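Q: Could you look at this predicted model? Sequence included:
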2 protein chains.
Amino acid sequence: MALIVQKYGGSSVADVQCMQRVARRIIKTRDLGNQVVVVVSAMGDTTDDLIELAKKINAEPDDREMDALMATGEQVSSAVLAMALHAAGAEAISMTGPQAGITTDGVHLKAKIRDIKPVRLKKALKEGKIVVVAGFQGLNPREDIATLGRGGSDTTAVALAAATDADKCQILKDVDGVFTANPRVVADAQKLDEISYDEMLEMASLGSEVLQSRAVEFAKKYGVCLEVMSSFNENPGTIVREEVRNMEDIVVRGIACDKGQAKVTVRGVPDKPGTAARLFKELANSNINVDMIVQNISENAKTDVSFTVPRSELAKAKRVLDALENISAGGVMVDEDVAKVSIVGVGMRSHVGVASRMFDALAKNTINIEMIATSEIKISVAIRKADADKAVVALHKAFELGKAAKKSGAKKK
Amino acid sequence: MALIVQKYGGSSVADVQCMQRVARRIIKTRDLGNQVVVVVSAMGDTTDDLIELAKKINAEPDDREMDALMATGEQVSSAVLAMALHAAGAEAISMTGPQAGITTDGVHLKAKIRDIKPVRLKKALKEGKIVVVAGFQGLNPREDIATLGRGGSDTTAVALAAATDADKCQILKDVDGVFTANPRVVADAQKLDEISYDEMLEMASLGSEVLQSRAVEFAKKYGVCLEVMSSFNENPGTIVREEVRNMEDIVVRGIACDKGQAKVTVRGVPDKPGTAARLFKELANSNINVDMIVQNISENAKTDVSFTVPRSELAKAKRVLDALENISAGGVMVDEDVAKVSIVGVGMRSHVGVASRMFDALAKNTINIEMIATSEIKISVAIRKADADKAVVALHKAFELGKAAKKSGAKKK
């Protein structure tokens, strides 16, 4: 008997009808002879509604209280889904994150899973029950509820799959899988049949909203077989897996675009050893994710340092920088009109000229590159936000990711 | 420094403005030099909305899942109220029932509090924080969330007051206190300045919705000084306290009316020793509260047994009875059109003729009495539901509980 972990997102359990449909699908999976653990997100827009309520009461609500508030969304959906399974004749039990044995570190709003002791969960499975776990949450060392950040239910699902040694982890969404680019932006974007963990990791951290990147890290670390698929049909999805040899045949797997970034420039930073380290250490201590970094050529022992941060963390970053008076005395400038566009593919490692092909495509469309960051398997550029969609379309075409190109086998040259 | 426990009901925290008003009132109490523990109910109609959601999914939702679902209402309001207190400049922390150390027995939907170990709560108070506890809930022996039944937040407040040795427990409501009768039914119903625990206990269990009866039991058992008052003004409320001598001067303290009852009649019960005991034992085992009981004169070694149960427990009671084939073979009849009207007062112990005065008043208004139940300090009658309001008005007048009567001192004769 196989053990399958299925994760259903908020739009898949948005209302009573959705819940009933999801219940039928779960039972179908069980009837094929599987044990099933289900992870659910909050119903529909619940999380956004709770955030809105909090902001009306307090413009900067306390992190711990936000977590206590938001975690209720998943608690509701897990209990309701268990009731829907009962109504459909199945034995099922809901569990909160803490009841499922999930413990986290001490950070609120984007806690990391520390450990999972799924004692109750395994017992319930053994009793023949379907277990429905509230996603996105765990218990921290102070015995407070902590949430795992946007998309955290993905991570709950993958981590539970790892902890229970599940045969498969299916992430069920309102899209058919992982695409070469956002289908709303690129008309002939293609669903990928497979993608490597590393490529998916880059895609996720670069703004593709298909999976939380921590979920992919977990899957890679523990070798969890991950499938991203639609909850609205039964088409095969995208398998996220260990890289195999022929994956490198494809130079670029997909294009990611992140419009949720902001560029911060600190002017006149003293150009002394350790200054930049101090700057980024303070930001890291406040749990701010700094991404692309550029340092200008020094003049008069002063330099300008620019970097990007998620726009949601901009206010906090600004406060940290303003407090570092020795470093930021020259002024802190903020630019919210940037976007980050990236090409991702393990094939880059064995193909040359990828960067020049990218820059050429952008230049031909008169798109100015402001910052560049690269890794072995991705190239990211910061550009004007207004140019972002145009850039994605241009790159999708330049790297022949569309349907016509795929059919002619052009990608394999 | 005194410690005050305040409990705010759902209508007092129904929206953002209410939350802010409640936060100001809490801070005012603290600024008078008190430590404050706050217990909150779910915001507005949240609990009813959650029940409705559950019923749409499953006509008979599982008790454990219902508790997991409903408990989120209070978790939300406690976190939001803590945020409102922060916004008003106060230090505050929210706690779920389990975090406040509240453990219950193993019954779902109307669990009883077993024990309170308020370790975290006391620590937070010592740190100068206002503690906001989610009412209505605790952790049961299986480590599941259990709720305490309708009005359970009252019990949470009184039990926390007992466990922390608080100086006072204030129940803040949308009414000014405990009245001689429901002011919506009796125009000149009077707010009581004081009432004894025993009288309040009878009023509560007889359908007055001011306080949960278990809360009053707790208050009596642990001598908690209880005050029922309005959250919308600062008028003095009703003090619920140990009985003192002159309380007996008043024959009837108030009139209670319960329209949520149903009458069950089991026909042709074998008139043998132990049969009735078996019947009521099975009902008790299913946690069904049986109230008034009447057994008819036996004919042919068979008898009819009638009793009342809360209408919400009628379906369950019917199932239990139908399963007792030896006893209920003669048929089970159900009547949902009954109401229970009661007069309550410790003065009954020392005054004669109270029952006849009650029956006389009902007879004069052509109201037929179907069942009677009495205790030392109350007399209850079951009548047609359509007659209930008329009966309350008649009794309020007969026992001179209105404003005019009070002024003339008529009650003290």
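A: Arrived safely, thanks for sending. This is a predicted model, so every value here is computed, not measured. Residues are numbered from 1 along each chain as shown, chains lettered A, B, ... in the order given.
Q: Could you tell me which residues of the stretch 51-200 of chain A lie near chain B?
A: With C-beta under 8 Å from any C-beta of the partner chain as the criterion, the stretch 51-200 of chain A meets chain B at residues A:53-54, A:56-59, A:61-62, A:64-66, A:68-69, A:71-72, A:75-76, A:78-80, A:82-84, A:86-87, A:93-94, A:96, A:99, A:120, A:143-144. Every C-beta, even on glycine, is put in place using the N, C-alpha and C of the backbone.
Q: And residue A:361, how far from chain B?
A: 48 Å (C-beta to the nearest C-beta, to the nearest Å).
Q: so what's residue A:275 up against?
A: Each residue near residue A:275 by C-beta atoms under 8 Å, 6 or more residues apart in numbering or on different chains is listed here: A:269, A:327.
Q: oh sorry, the question was meant for residue A:108
A: Counting by C-beta under 8 Å, 6+ apart, residue A:108 has contacts A:63, A:64, A:66, A:67, A:140, A:144, A:146, A:147.
Q: ok, now residue A:155?
A: With C-beta under 8 Å, 6+ apart as the criterion, the residues that contact residue A:155 are A:113, A:148, A:212, A:214, A:215, A:218.
Q: Quick check: closest non-adjacent residue to it.
A: Spatial nearest neighbour of residue A:155, excluding adjacent residues (C-beta to C-beta, 6 or more residues apart in numbering or on different chains): residue A:215 at 4.3 Å.
Q: same check, this time on residue A:339
A: Distances taken as C-beta to C-beta, 6+ apart put residue A:388 closest to residue A:339, at 3.8 Å, once the chain neighbours are dropped.
Q: Name the secondary structure element that contains that neighbour.
A: Applying DSSP states H and E as the criterion places residue A:388 in helix A:388-398.
Q: Of all the residues in that helix, which ones are buried?
A: Using 16 or more other C-beta atoms under 10 Å in any protein chain shown as the burial criterion, the residues of helix A:388-398 that qualify are A:388, A:389, A:390, A:391, A:392, A:393, A:394, A:395, A:396, A:398.
Q: now, which of those residues sits nearest residue A:157?
A: Ranked by distance to residue A:157 (C-beta to C-beta), the buried residues of helix A:388-398 are led by residue A:392 at 28.3 Å.
Q: Contacts only, for that closest one.
A: Here residue A:392 is in contact with A:181, A:182, A:185, A:186, A:255, A:257, A:341 (C-beta under 8 Å, 6+ apart).
Q: Next: residue A:29.
A: By C-beta under 8 Å, 6+ apart, the contact set of residue A:29 is A:4, A:6, A:36.
Q: Name the SS class of it, please.
A: With DSSP: H, G, I helix; E, B strand; the rest coil as the basis, residue A:29 sits in helix.
Q: distance of it from chain B?
A: 19 Å.
Q: any idea of the pLDDT on that residue?
A: The per-residue pLDDT reported for residue A:29 equals 97.
Q: same check, this time on residue A:408
A: If you check residue A:408, the pLDDT there is 49.
Q: can you check residue A:394 too?
A: Looking at residue A:394, its pLDDT is 97.
Q: my guess is it meets residue A:363, correct?
A: No - assessed by C-beta atoms under 8 Å, residue A:394 is found out of contact with residue A:363, at 9.8 Å.
Q: contacting residues for the nearest residue to residue A:117 once chain neighbours are set aside?
A: Spatial nearest neighbour of residue A:117, excluding adjacent residues (C-beta to C-beta, 6+ apart): residue A:101 at 3.9 Å. Residues near residue A:101 by C-beta under 8 Å, 6+ apart: A:116, A:117, A:118, A:119, A:120, A:121, A:163.
Q: at 7 Å what do you get?
A: Contact analysis of residue A:101 by C-beta atoms under 7 Å, 6 or more residues apart in numbering or on different chains lists A:116, A:117, A:118, A:119, A:120, A:121.
Q: what's the closest of the residues you listed to chain B?
A: Set against chain B, the nearest of the contacts of residue A:101 by C-beta to the nearest C-beta is residue A:120 (7.9 Å).
Q: is it true that that closest one lies in a helix?
A: Yes - counting by three-state DSSP, residue A:120 is part of a helix.
Q: Could you report the neighbour count for it?
A: Residue A:120 has 17 neighbouring residues, counting by other C-beta atoms under 10 Å in any protein chain shown.
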